[in-house]
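K.L.:
compute the structure for the input listed below.
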Amino acid sequence: MAYDCTETVARQSLAHIRPFYERDPKMPLSYVMCLHYIALEPGISLTDLSKKLNIQLPTVSRIIRALEDEHLIDVKTAKNERRRKELFLIKDGIF
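P.N.:
Below you'll find the model as predicted:
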């Protein structure tokens, strides 16, 4: 029997996003996916997140503002590049 890594990855991803849905079952999938990538890559930039999600930057910016308003993420200005915004989960807001 061949090992199916796709199933393993799917299970890990589902386990990772479950807390987001448990917090708010009506949360849009695009919000959940943003939180998922921020959790996987703390400090990810808005531009990189936009590319990973294949969503236009203005749309991702609106989602990020909403998540920040809900106290789920923290947006920080990068130390080495003032125009770059880095995204981090706020642990108390999720878990």
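
K.L.:
do you know how far the residue positioned nearest the centre of the chain is from residue 67?
P.N.:
For the chain, the residue sitting closest to the mean C-alpha position, by Cα atoms, centre = their mean, is residue 35 at 2.3 Å. Distance from residue 35 to residue 67, counting by Cβ to Cβ, to the nearest Å: 7 Å. The way it works is simple: take the backbone N, C-alpha and C, and place the C-beta from them, glycine included.

K.L.:
do residue 56 as well
P.N.:
Taking Cβ to Cβ, one finds residue 56 at 17 Å from residue 67.

K.L.:
comparing these two, which residue is more hemmed in?
P.N.:
residue 67 (22 against 10; other Cβ atoms under 10 Å).

K.L.:
OK, contacts around residue 50?
P.N.:
Applying Cβ atoms under 8 Å, 6 or more residues apart in numbering, we find residue 50 in contact with 56, 57, 59, 60.

K.L.:
reformat those as TSV; add pLDDT and secondary structure.
P.N.:
Formatted as TSV, those follow (pLDDT from 0 to 100; DSSP: H, G, I helix; E, B strand; the rest coil):
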residue	pLDDT	secondary structure
56	97	coil
57	95	helix
59	96	helix
60	97	helix
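
K.L.:
tabulate those (JSON lines), appending distance to residue 27.
P.N.:
Below are the contacts of residue 50 laid out as JSON lines (distance: Cβ to Cβ, whole Å):
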{"residue": "56", "distance to residue 27": "20"}
{"residue": "57", "distance to residue 27": "21"}
{"residue": "59", "distance to residue 27": "16"}
{"residue": "60", "distance to residue 27": "16"}
